[in-house]
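>>> Need coordinates for the below:
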Amino acid sequence: MADTGSESGTSVEYLYKEYVRLSERCVSYVQSSFDDIKLFGASGLVFAWKPVVDSPLVPPANRALVLFYGFLAILLVVIILAIFNLLRQSLVIYYLRHVREYEATLKATLGFPGEAIFHWSDSYSRWRTTIVERVFVRLLMVVFGTIIVFPTIVLALQEPQLYAMIYGGLSLLLVGVYLSAARLLLRER
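The predicted structure is shown next:
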C-alpha cells in the first residue's frame with residue numbers, strides 16, 4: 001500500500017507545476033501584448049506618408065490614389081495588430097480563470113485559505129481592469145484618432161474627395177469591427 005503522505009505531496013507538486021506552467025503562459029501573452037504597443041507607432045506613418053507621396057517620384061496625376069492606398073494600408077496594419085492584441089488578451093483572461101482554480105486548490109491543500117499567498121490571478125485581473133485597460137483605451141483613442149482623422153482630412157483636401165469618403169467609411173467600419181471583437185473577446189463572464 002502506498003504512503004498517502006507522499007501521494008499528497010506528489011499531488012501538490014503536480015498542481016504547483018501546472019500552476020507555474022499556466023502562469024508562465026499568461027505572462028508570456030501579457031509581455032507580447034506590451035511589446036506590440038511599440039508596433040502601434042506604425043500609426044505615426046500617416047504623418048510621413050503625405051510628404052512621401054508629394055515627392056517627385058510619384059506622378060502628380062497618381063498622387064491622390066497613392067495617398068489613399070498608403071493610408072488604407074497603414075489603417076489595415078494597425079487594425080490587424082489591434083485585433084491580434086485582443087486575441088492575446090482574451091487568452092490571458094482564459095488562463096487567469098484556470099490559474100484561479102489552481103490557486104484556490106493549492107491554498108486549500110496547503111492550509112492557506114484567505115491569505116494573500118497564491119493570489120496572482122485575482123490581483124492581476126484587478127490591476128488589468130483598473131490600470132491597464134484605462135491606459136490601453138486612451139492609447140487606442142489616440143491611435144484610432146490619428147489613423148482616421150488625419151488621413152480623412154488630407155484626402156478631403158485632394159481631388160477627388162471620393163477617396164476621403166471611402167477612407168472615412170472604411171476606417172469607421174474597421175474600428176467598429178475592432179470594437180465588436182473587443183466586446184466579444186474580453187467579456188469577463
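
>>> contacts, neighbours, all on C-alpha from now
Fine.

>>> list the buried ones in stretch 134-146?
The neighbour-count check on stretch 134-146 (16 or more other CA atoms under 10 Å) flags 143-144, 146 as buried.

>>> Show me the shaky parts of this protein.
Scanning the chain for pLDDT under 70 picks out 1-9, 40, 42-43, 115, 188-189.

>>> Quickly find the element holding the residue nearest in space to the middle of it.
A centroid search over the chain (CA atoms, centre = their mean) returns residue 85, at 2.6 Å, as the residue closest to the centre. Remark: residue 85 resides in helix 63-110, with elements defined by DSSP states H and E.

>>> In the helix or strand that comes right after that helix, which residues are buried?
On the C-terminal side of helix 63-110, the closest following helix or strand by DSSP H and E is helix 120-127. By 16+ other CA under 10 Å, the buried positions in helix 120-127 come out as 121-122, 125.

>>> how about the buried residues of stretch 134-146 in a markdown table, adding secondary structure?
As requested, the buried residues of stretch 134-146 are exported to a markdown table (DSSP: H, G, I helix; E, B strand; the rest coil):
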| residue | secondary structure |
| --- | --- |
| 143 | helix |
| 144 | helix |
| 146 | helix |
